[in-house]
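Q: I'll drop the sequence and a predicted model, then ask my questions.
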Amino acid sequence: MAGRISVAWDPIRNPINFYLLCGQPSPGTVVLLGMNQPRRINELMSPGSAGATAVYAGWKPSHFSAQHTLTTTADWLLWENFRSMLKLPARGQRGKALAFWHPFGEMFDPPIRSVIVEDILQPVTNDNGSETIEVKYVQFQKFRIQYSKPDAAKVEPADPMEVEIQKAMTTGDQYDALAKRLEDKPEPT
């Protein structure tokens with residue numbers, strides 16, 4: 001079941017109410033919330049100018065949560081085993097990312113296949129007597145440099161004087177000579 005999900009998967013006909021963490025299925029019935037893939041866009045602006053240049057600076061990791069609803073004693077026993085994977089790293093040790101799989105994680109590019117535990121919330125009692133425990137995760141992906149500035153749309157200037165100005169700027173014409181030509185230009189009527 002681990003690996004890329006088929007495009008033909010239908011969450012209505014074949015709902016998957018669990019995920020795999022280090023190959024172990026999550027206990028109880030699980031609802032995943034907030035899985036996303038936000039982009040990091042830097043807006044470069046200069047003082048006194050209108051508009052900005054948008055620069056794509058990679059993507060941010062997804063922050064999402066898994067709500068485990070535990071309804072039976074068996075669910076609680078499975079939770080105790082599952083919870084051992086969610087422990088804080090021992091003092092002086094580095095935390096490790098955990099292998100993660102759910103079809104929703106496969107929808108992104110790159111897919112969400114590795115996570116770090118961000119937080120574990122206390123159980124909340126539901127109206128039917130079951131308990132829901134929320135675990136918050138952060139997507140883990142090895143660092144790689146990805147920085148690009150999109151090309152602007154090329155618009156041809158309609159005014160002949162604008163063409164002249166652009167030509168002067170690209171050919172290195174003196175600004176004084178350009179200013180004199182602009183002064184000599186008759187005003188439009």
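A: Thanks, I have it. Numbers count the residues shown, from 1 in each chain.
Q: show me what E134 is bridged to.
A: Q67 (DSSP bridges).
Q: doesn't A66 make contact with it?
A: Yes: using Cβ atoms under 8 Å, E134 is in contact with A66, at 7.2 Å. Every residue, glycine included, has its C-beta placed from N, CA and C.
Q: of these two, who's got more company?
A: A66 (22 against 16; other Cβ atoms under 10 Å).
Q: measure the more buried one to F143 for me?
A: Distance, A66 to F143, by Cβ to Cβ, to the nearest Å: 25 Å.
Q: buried residues of the host helix or strand of R83, list them for me.
A: Assigned by DSSP states H and E, R83 belongs to helix 73-83. Across helix 73-83, burial judged by 16 or more other Cβ atoms under 10 Å covers 75, 78-79, 82.
Q: now swap in stretch 104-118 and tell me
A: Buried residues in stretch 104-118 (16+ other Cβ under 10 Å): 105-106, 111-115, 117.
Q: what about the chain, any weak spots by pLDDT?
A: 1-8, 144-159, 161-163, 165-189 (pLDDT under 70).
Q: what about the helices in it?
A: 73-83, 160-171, 175-184 (DSSP state H).
Q: among the buried residues of stretch 104-118, which lie within strands?
A: Residues of these located in strands (DSSP state E): 114-115, 117.
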